[in-house]
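Asker: Sharing a sequence plus its predicted fold:
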Number of protein chains: 2
Amino acid sequence: MAAVSDVASREEVNEAARGGRSGGRAGRRAKRSVSVAPVGIPYIVRQLPPHNILSEESLVRIEATAETLLAEIGIEFRDDPECLALWKGAGAELDGVRVRFPKGLIPELLKTAPRRFTQHARNPANSVEIGGDNVVFAPAYGSPFVMDLDEGRRYGTIEDFRNFIKLAQSSPWLHHSGGTICEPVDVPVNKRHLDMVLAHVTLSDRPFLGSVTARERAEDSIEMARIVFGSEYVENNCVIMGNLNVNSPLVWDGTMTSVLRAYAAANQGNVLVPFILGGAMGPVTTAGAIAQAHAETLAGCALTQLVRPGAPVIYGNFLSSMSLRSGSPTFGTPEPAAGSLVVGQLARRAGLPLRCAGNFTTSKLPDAQAMNEGTMSMLSAIHCGANFILHSAGFLDGLLSMSYEKFMMDADFCGALHTYLGSVVVDDNTLALDAFREVGPGNHFFGCEHTLRNYETAFFDAAAADNTPFETWEENGSVDAATRANKAWKETLAAYEAPPLETGLAEQLADFVATRKSSMEDRWY
Amino acid sequence: MAAVSDVASREEVNEAARGGRSGGRAGRRAKRSVSVAPVGIPYIVRQLPPHNILSEESLVRIEATAETLLAEIGIEFRDDPECLALWKGAGAELDGVRVRFPKGLIPELLKTAPRRFTQHARNPANSVEIGGDNVVFAPAYGSPFVMDLDEGRRYGTIEDFRNFIKLAQSSPWLHHSGGTICEPVDVPVNKRHLDMVLAHVTLSDRPFLGSVTARERAEDSIEMARIVFGSEYVENNCVIMGNLNVNSPLVWDGTMTSVLRAYAAANQGNVLVPFILGGAMGPVTTAGAIAQAHAETLAGCALTQLVRPGAPVIYGNFLSSMSLRSGSPTFGTPEPAAGSLVVGQLARRAGLPLRCAGNFTTSKLPDAQAMNEGTMSMLSAIHCGANFILHSAGFLDGLLSMSYEKFMMDADFCGALHTYLGSVVVDDNTLALDAFREVGPGNHFFGCEHTLRNYETAFFDAAAADNTPFETWEENGSVDAATRANKAWKETLAAYEAPPLETGLAEQLADFVATRKSSMEDRWY
């Protein structure tokens, strides 16, 4: 934790994110980041402040509504008696599976939740600190389908899953390997998690997410983490997290809470996310949907602290909207974008690390609609101050498809956001009075001393963009962005090299997976 | 002016932008805006606050640098002796064409510049108020080429020019007809302005920009406005504006300042815009480029007040960056996006209405790159608090091409931004406690009273987006966004109807144009 959380290291990381004018390891890495093979940083320390859009009065009204929901209507915790027992012991009011929370109970329980924590990677250089001014990008999560320009949409396989881990690991602009990047539907449902965790550990050396589809699968995931990091280390450090959904409105399912308890009991992380499609799983008006999500998330966060005070937990949110023409869910639309900015304010007031929004779109292709919606949505994650941004790359078709081409474009946009989050640096060098004195009115700055001193780190150069003149672009075949991305993912996969793995670890993990697989029949639902 | 600037009207306009929950004319219009044929509002009154990213200390440093540039290095005002005489009279120090400004001179002159003003349209319902919390969208400006998917890139003609006016006029999400939407290169250079102003006046009933390529062309433009609005009205009201570029670094050309003086003397508007490509026309570091632009713009704004105190003027800015791989200018990149946020803070501190950024891209096609870059750039205009956003729609290929397809997608994104700028409304209705009490945990909100009461105005429904399920989209031919936009612009042109024009006005304007055209030889350069 100390390696990246002390002040010097934070400045170094941030310096690199800004383009690394000063020296140091991170500075040198950043200088290389404008060359052919950019090298990333473990996570971003933002200089650009979050965008606070609502007044204190409005925020207090939303919080009061959430408090009323918790106290008056309550939340159902279904099919998990142990969870109910925890709430009863904490002083909540039980009525069957309905739990009502006296005012003040949730905030009191949340006092032990860390404001920020480190999720360790097996390569310590890739550990991420989540919370505060830090920003961590992770791939999209949970699509049943994958899509590329060659074969169109099809069900995801374990090969696709591994491909996306390789692509993520190869990008200097992602920080986290994610979790269920796509569903490997060619592997039995009850054994997928073993192959997925194995792939994350062996093909990437970044942090990752474990299984959440059943308590025993979460336990398996944590056990595999113990093989990698050692049991004692895992007992004292966060090395794996589960990403859990509320069953909105106002219901936590037993599968989710038992998984939550597994991760929390092991001192591992939980990301707790209401997914609210306005008008369906919550009110059609954004303020109400936010109040509901606030209540649902906070109840889950408080539950982690009941299980184990101090266990890492992330306040999650996922707002969506609906097309009135088709009745379909829509993504990357303006209401969730504005709503996410409010969610950020609420999470900071609650003192919890935030997961919010991502690169969302409803488009079925990696086209103009996809990047218009995706960019608006991703920038809402950036401006709202999200610390852990799942769905940073690959999200297509309302999360039904993981797109190879959009993954490449999104990952490159994450690169642009490294620069954007560096804000505008104001100092003697950047104000450039020496340049004006050298150049004067009517002359150009190409060769002046100030330009020579700064040009290498001045501008982010997007690999996915074609910035050549029209004539050059035409000579090169008039290729569009999606077609370039198609070429890029194939080249990236071809060039991929697995990060070094400690001797014997692969065998230990493979043994564990084989033993667990042979202990149960295949299940396909 | 009163019609849109009084408090009641502002609230009504804003109400409509938010989706119009309450009554009134604007409210009813907004309710229609989710139906098949949306009806727009004359301009947006934003509820979402601008994003302030820099500290007071950093802003003061930038302002001090600009002040030093003005006092120590100065600005050259070339080929315009009248302009130099004005500066001399105001107490500036002249050294040939170099003008240096004693500290405090510029802020003193700017005291008479209006913080906000109305640009009147020939249809009073379409007049826009520029400044304060208001946001006005106008098409892109100045491309020599046009581009569509059928014919690719080619030089623009007067027919293209007229087409884009028709498309803009047909969009409920644009507020202003713009100016030189594309260069009509089939019309002689010295006569283009006559055909362009005639097209704006007859094919649109929104506000528009006049010519800036020569003093007499600006005078012609103003004279045509006098035919439309009457000379006395024009003397007392802003009905036309010129959009002028600084010849950065630190040079104002005589053509520009003589045009500036023409518009200001007639009490008409000037939009004064440094275009700085970092490393070429200004320092390669953003803070320095902003300081330079600040000095250049403020000097121009002050000049308008020397010509005529109280003349409307807009503080303009256009930051760009450079590709280190190709040496080409780049647009929609992160450095200008962050820089624009700072520019917004400076303009507000100077008390001037702001034009900044737009929907910029370097892409040569209306593809994923175009909308990724364009959306990032456009959102920087939104977040920086720009009041007049030129280049809101159609910008392609670093402004070399005006794209028919991107125009349609960008205009639709302007619709999404109407909703986004409405922010998140927090009141009893939107907090929806009644809905939670009706629905309870585990049930859906589809049919509840709160949803029925709110769903019509709940979500923006983008015409350009395909939000149908994958299977429906596939059945409909698997069409991408650009191809849909290609169909949309053709349908829009086919359905276009010219707004009513006062009897005799077309003839008067045509007479003026014919007389002016016959008074001079064609010039093609």
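Answerer: Arrived safely. Nothing here was measured: the structure is a model prediction, and the numbers come from that model.

Asker: Report the closest residue of the stretch 151-300 of chain A relative to chain B.
Answerer: Distance from chain B to each residue of the stretch 151-300 of chain A (CB to the nearest CB) is smallest for A:Gly288, at 3.1 Å. For the C-beta atoms, the positions are set from N, CA and C on the backbone; glycine is no exception.

Asker: Pretty sure that residue sits against B:Thr430.
Answerer: Yes. Counting by CB atoms under 8 Å, A:Gly288 touches B:Thr430, with 5.9 Å between them.

Asker: neighbour count winner among those two?
Answerer: A:Gly288 (28 against 24; other CB atoms under 10 Å in any protein chain shown).

Asker: Mean confidence (pLDDT) on the host helix or strand of the more buried one, please.
Answerer: Element membership for A:Gly288, per DSSP states H and E: helix A:286-307. Averaged across helix A:286-307, pLDDT comes to 98.

Asker: do stretch A:324-344 as well
Answerer: Rounded mean pLDDT across stretch A:324-344 is 92.

Asker: Could you list the buried residues of that stretch?
Answerer: A:324, A:328-344 (16 or more other CB atoms under 10 Å in any protein chain shown).

Asker: which of the residues you listed are close to chain B?
Answerer: Near chain B, taking CB under 8 Å from any CB of the partner chain as the test, the members of the buried residues of stretch A:324-344 found are A:Leu324, A:Ser328, A:Thr330, A:Thr333, A:Pro334, A:Glu335, A:Ala337, A:Ala338, A:Gly339, A:Leu341, A:Val342.

Asker: mind giving me a markdown table with these and columns for distance to B:Arg226?
Answerer: Formatted as a markdown table, these follow (distance: CB to CB, whole Å):
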| residue | distance to B:Arg226 |
| --- | --- |
| A:Leu324 | 46 |
| A:Ser328 | 52 |
| A:Thr330 | 48 |
| A:Thr333 | 44 |
| A:Pro334 | 40 |
| A:Glu335 | 45 |
| A:Ala337 | 44 |
| A:Ala338 | 43 |
| A:Gly339 | 48 |
| A:Leu341 | 46 |
| A:Val342 | 49 |
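
Asker: Among those, which are located in helices?
Answerer: Members of these lying in helices (criterion: DSSP state H): A:Pro334, A:Glu335, A:Ala337, A:Ala338, A:Gly339, A:Leu341, A:Val342.

Asker: Who are the contact partners of the residue nearest to A:Asp186 when sequence neighbours are not counted?
Answerer: Closest residue in space to A:Asp186, ignoring its immediate chain neighbours: A:Thr157 at 4.6 Å, by CB to CB, 6 or more residues apart in numbering or on different chains. Taking CB atoms under 8 Å, 6 or more residues apart in numbering or on different chains, we find A:Thr157 in contact with A:Val146, A:Pro184, A:Val185, A:Asp186.

Asker: Just among those residues, which is most surrounded?
Answerer: Top of the contacts of A:Thr157 by neighbour count (other CB under 10 Å): A:Val146, with 28 neighbours.

Asker: So what's the gap between stretch A:486-506 and the chain middle?
Answerer: 21 Å (CA atoms, centre = their mean, to the nearest Å).

Asker: Kindly format the C-alpha coordinates of that stretch as PDB.
Answerer: Provided in PDB are the C-alpha atoms of stretch A:486-506 (Å, rounded to 0.1, in the frame of the first residue of the first chain):
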ATOM      1  CA  ASN A 486     -10.000  -4.400 -36.400                       C
ATOM      2  CA  LYS A 487      -6.400  -4.400 -37.600                       C
ATOM      3  CA  ALA A 488      -5.200  -3.200 -34.300                       C
ATOM      4  CA  TRP A 489      -6.700  -5.900 -32.100                       C
ATOM      5  CA  LYS A 490      -5.300  -8.600 -34.400                       C
ATOM      6  CA  GLU A 491      -1.800  -7.100 -34.300                       C
ATOM      7  CA  THR A 492      -2.000  -6.700 -30.500                       C
ATOM      8  CA  LEU A 493      -3.000 -10.300 -30.000                       C
ATOM      9  CA  ALA A 494      -0.300 -11.500 -32.300                       C
ATOM     10  CA  ALA A 495       2.300  -9.400 -30.400                       C
ATOM     11  CA  TYR A 496       1.000 -10.400 -26.900                       C
ATOM     12  CA  GLU A 497       3.500 -11.900 -24.500                       C
ATOM     13  CA  ALA A 498       2.300 -13.300 -21.200                       C
ATOM     14  CA  PRO A 499       3.800 -11.500 -18.100                       C
ATOM     15  CA  PRO A 500       6.300 -13.700 -16.200                       C
ATOM     16  CA  LEU A 501       4.700 -16.000 -13.600                       C
ATOM     17  CA  GLU A 502       6.400 -17.400 -10.500                       C
ATOM     18  CA  THR A 503       7.700 -20.900 -11.100                       C
ATOM     19  CA  GLY A 504       5.300 -23.600 -10.000                       C
ATOM     20  CA  LEU A 505       2.300 -21.200  -9.600                       C
ATOM     21  CA  ALA A 506       0.700 -22.200 -12.900                       C
END
